[in-house]
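J.: Just a sequence and a predicted model for now, questions to come.
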Amino acid sequence: MKTPEFYVLDSKYVSTTFTASPEGIRPYDQTDFPDDLKLLLGRYDEFKFPTIFRQSDGKVLRDFLDTGYPSLFLISERVKKLLEEHGFTGWQTYPIELYDKKGNKIEGYYGFSVTGRCGKVDWSKSVKEKGKAIYTYKGLYFDVNEWDGSDFCVPDNYYAIIVTKPVAEVLKKNKITNIKLTFTKEHEHYDYRELT
């Protein structure tokens with residue numbers, strides 16, 4: 001059986017893109033497991049919805065909006081419908097209220113969570129280089145036998161959004177804005193720690 005192809009889905013992080021920060025969530029220094037990761041992973045037990053997001057930067061509304069937290073995105077109605085129409089699995093949305101800096105409410109966006117899982121990233125398979133103060137790891141590998149088969153998934157030890165080739169193709173074909181898709185073998189991670 002041929003091994004499926006996977007891509008890392010990320011934002012382009014363009015400064016002009018409308019960025020909206022969530023209100024009232026606890027970061028790393030206030031909890032053992034921060035609220036942004038709970039929202040990313042679809043762990044909603046402690047949340048009261050809708051979550052409020054307020055504009056913090058940028059102006060241009062695109063299909064994927066940044067929140068100031070890695071891998072925590074808001075998606076447009078267009079993206080939601082596209083994923084539903086194709087029957088992609090491993091994702092869900094949560095209700096939000098989105099406001100600009102003047103307090104005007106913006107409709108048509110949802111919080112985005114990834115419920116699919118794929119085990120742990122095996123950093124020993126990455127190509128590792130040591131710079132002056134940082135390590136570069138090229139290639140993101142995991143045991144496909146630990147993948148639950150979802151079209152969207154997140155590793156247990158690395159909170160990146162991974163998607164299957166059909167998802168990547170649909171997003172590209174429909175010209176979804178403010179996304180970057182990188183083949184997992186080409187993905188680069190930078191860290192001050194030695195991970196292997």
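T.: Here it is on my side, so go on.

J.: Count the residues that sit near the closest residue to K165 other than its chain neighbours.
T.: In space, K165 comes closest to E5 once its chain neighbours are excluded; the distance is 4.2 Å by C-beta to C-beta, 6 or more residues apart in numbering. Any C-beta I mention is one placed from the backbone N, CA and C, and that applies to glycine too. Residue neighbour count, defined by other C-beta atoms under 10 Å, stands at 14 for E5.

J.: ditto for the one 3 residues further on
T.: Taking other C-beta under 10 Å as the neighbour definition, V8 ends up with a count of 21.

J.: what does Y13 give?
T.: Neighbours of Y13 under the rule other C-beta under 10 Å: 11.

J.: Same question for D151.
T.: Residues near D151, counting by other C-beta under 10 Å, number 21.

J.: now the residue nearest to K165: how far from K132?
T.: Look at E5 and K132: by C-beta to C-beta, to the nearest Å, they are 34 Å apart.

J.: Kindly report the same for L83.
T.: Counting by C-beta to C-beta, the gap from L83 to K132 is 42 Å.

J.: Run through who's touching stretch 122-132.
T.: When contacts are defined by C-beta atoms under 8 Å, 6 or more residues apart in numbering, stretch 122-132 is touched by residues 135-143, 189, 194-196.

J.: hmm, try it at 6 Å
T.: The contact list for stretch 122-132 (C-beta atoms under 6 Å, 6 or more residues apart in numbering) reads 136-139, 141, 195-196.

J.: List the buried residues of that stretch.
T.: 122-123, 126, 128 (16 or more other C-beta atoms under 10 Å).

J.: Can you give me the neighbour number for F47?
T.: Using other C-beta under 10 Å, F47 is surrounded by 15 other residues.

J.: three-state assignment of it?
T.: coil (DSSP: H, G, I helix; E, B strand; the rest coil).

J.: Report the beta-bridge partners for Y99.
T.: Taking DSSP bridges as the rule, Y99 bridges to R54, K105.

J.: With the one 10 residues further on instead?
T.: Taking DSSP bridges as the rule, Y109 bridges to S76.

J.: right, and it touches R78 too?
T.: No - if you go by C-beta atoms under 6 Å, Y109 and R78 don't touch, sitting 10.2 Å apart.

J.: Tell me which of those two has more neighbours.
T.: Between Y109 and R78, Y109 has the larger neighbour count (other C-beta under 10 Å), namely 24 against 13.

J.: rewinding a little: tell me which two in the contacts of stretch 122-132 are the farthest apart.
T.: Maximum pairwise distance among those (C-beta to C-beta): 15.2 Å, between T136 and Y141.

J.: Tell me which of these two has more neighbours.
T.: Neighbour tally, T136 and Y141, criterion other C-beta under 10 Å: the higher count belongs to Y141, 17 against 14.
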